[in-house]
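Quick one: sequence plus predicted model below, questions after.
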Amino acid sequence: MSVPVQPQLNARFGINAFSYDYNGNTSDVDYDAKLIMRTFDALLDYYPMSGNFRLSGGVVYNGNKIDANGRPGAGGVYTLNGRTYAASTVGSVDAQVDFRKFAPYLGIGWGNAVAKNKGWGFSTDLGVLFQGSPRTSMTHTGCTLASPLCAMLAADIADENRDLQNEVNDLKAFPVLRIGVSYSF
């Protein structure tokens, strides 16, 4: 939804939702992962030449995250930090990657949903969501090993979490491509 603020300035609000299932891995563990993208945008669009080209900036509520479930390797084992554990004794290994909840957005685009011309309009955006350093967490539940071995597993899971953190550190800036359609009466 776009609302005119001044002759060359619009306020724009949007909701985005998308999910994507994929398989990923770190050096030790394979994962069945789900990318969950949920954002709410509050942006200002500035039209410097009073045409369709725009510069956009604002803030995004960032509900993006990745949920992952570890998948045992060949022979039903997990290899964590060089140690091999039978999946039947480890239980489940789960991971989550989360991002800063409020993130700045900068972009350029084409199209003006509140232009005076009537009918159909098309728009595009190319921008960057600066979501900061991702936070990772890994857990395991259902360890049936002896207490000292469960403690060693917990330490190995912590090392795996550090590996996962290194894998996702490049996700600080998230590219955004949008294509939109509007109709004005």
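Happy to help now that I have it.

Could you list the low-pLDDT ranges of this structure?
27-28 (pLDDT under 70).

At which residues are the helices of it located?
Taking DSSP state H to define them, one finds helices in the chain at 87-90, 147-168.

Quickly note the distance from residue 136 to residue 160.
As judged by CB to CB, to the nearest Å, residue 136 and residue 160 stand 10 Å apart. All C-beta atoms are positioned from the backbone trio N, CA, C, and that covers glycine.

out of the two, which sits in the busier spot?
Taking other CB atoms under 10 Å, residue 136 and residue 160 do not tie; residue 160 has more neighbours (24 against 21).

hang on, that one packs against residue 83?
No. Counting by CB atoms under 8 Å, residue 160 stays clear of residue 83, with 10.7 Å between them.

how about the spatially most central residue of the chain, what does it touch?
Centroid check for the chain by CA atoms, centre = their mean gives residue 64 as the closest residue, at 3.8 Å. Neighbour list for residue 64: 35-39, 99, 131, 174 [criterion: CB atoms under 8 Å, 6 or more residues apart in numbering].

Mind listing the residues bridging to residue 105?
residue 58, residue 129 (DSSP bridges).

check contacts around it.
Residues counted as contacts of residue 105 (CB under 8 Å, 6+ apart) are 41, 43, 56-60, 127-130, 176.

Test my guess that residue 53 contacts residue 112.
No. The criterion here is CB under 8 Å, and residue 53 misses it with residue 112 at 9.3 Å.

Show me which of the contacts of residue 64 are buried.
In the contacts of residue 64, burial by neighbour count holds for 35, 39, 99, 131, 174, counting by 16 or more other CB atoms under 10 Å.

The fourth one and residue 103 touch, don't they?
Yes. With contact defined as CB under 8 Å, residue 131 counts as touching residue 103 (4.4 Å).

Quick check: neighbours shared by these two?
Joint contacts of residue 131 and residue 103 (CB under 8 Å, 6+ apart) are residue 62.

Just give the number of residues close to residue 132.
Here the count is done by other CB under 10 Å, and residue 132 has 16 residues near it.

Would you mind measuring from it to residue 98?
With distances taken as CB to CB, residue 132 is found 10 Å from residue 98.

Likewise for residue 123?
30 Å.

Comparing the two, which residue is more hemmed in?
The neighbour count for residue 123 versus residue 98, taken as other CB under 10 Å, is higher for residue 123 (19 against 16).

is the more buried one in a bridge, and if so with what?
If you apply DSSP bridges, the partners that residue 123 bridges to are residue 180.
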